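Asker: Let's see this in three dimensions:
(one chain, ligands or ions: 1)
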Amino acid sequence: MKRLRYWSVENARWLRRVYQIIESALVFLHPLFKRIGYPRLDRGFAALEKLVKGLLFDSQSCGQCTLGETGMACPMNCPKTLRNGPCGGVRSNGNCEVDPNMVCVWVTSWEGSKRVGDLESTIQVIQAPVDVRLKGTSAWLRAVRKKLSASSGESL
Ligand code: SF4
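Answerer: The predicted structure follows:
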């Protein structure tokens, strides 16, 4: 729902904070997750994420969430699925060249990043190309393992 998607960008600052709190809680729960086994948890988390992020952000469940770094605007709503800024076709009113009824994802991302107030840790972060094999998997659990791997050097 586009209206809710735009609302989320307008409220990017506190929504991102909530997002970071959830991530910290999940990192805390890592020993438990490891014991159960991440593959066994993936489907349940992916379903929960689809529900929550689908409602608030029109998330396309790519499995490699960038919301915290794109002003809470999901780049997968860009018809060209661009993950590092706009194409050259943004209309003069800020709308998308492919879907004129939609504000360009990167215009909303810019607005959301300004609301977060930290461009260096948001829109200036270079995103890796999307890996379509991860679609439908849990981005939250992946983020936990990535964070822990980065701090421990251990592959999780
Ligand atoms: S105008 Fe924006 S949303 Fe539309 S295709 Fe280009 S980058 Fe994507």
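
Asker: who touches residue 69 in this structure?
Answerer: 121, 122, 123, 125, 127 (C-beta atoms under 8 Å, 6 or more residues apart in numbering). Heads up, the C-betas are built off the backbone N, CA and C, glycines and all.

Asker: Please indicate which of those residues are buried?
Answerer: 122, 123 (16 or more other C-beta atoms under 10 Å).

Asker: filter the contacts of residue 69 by proximity to the ligand?
Answerer: Among the contacts of residue 69, no residue sits close to the ligand (C-beta under 6 Å from any ligand atom).

Asker: ok, and the nearest residue to residue 33 once chain neighbours are set aside, which helix or strand is that part of?
Answerer: The shortest distance from residue 33 to any non-neighbouring residue, by C-beta to C-beta, 6 or more residues apart in numbering, is to residue 41 (6.0 Å). Using DSSP states H and E, the element containing residue 41 is helix 38-57.

Asker: Go ahead and measure how far that helix is from the middle of the chain.
Answerer: Distance of helix 38-57 from the chain centroid (C-alpha atoms, centre = their mean, to the nearest Å) equals 12 Å.
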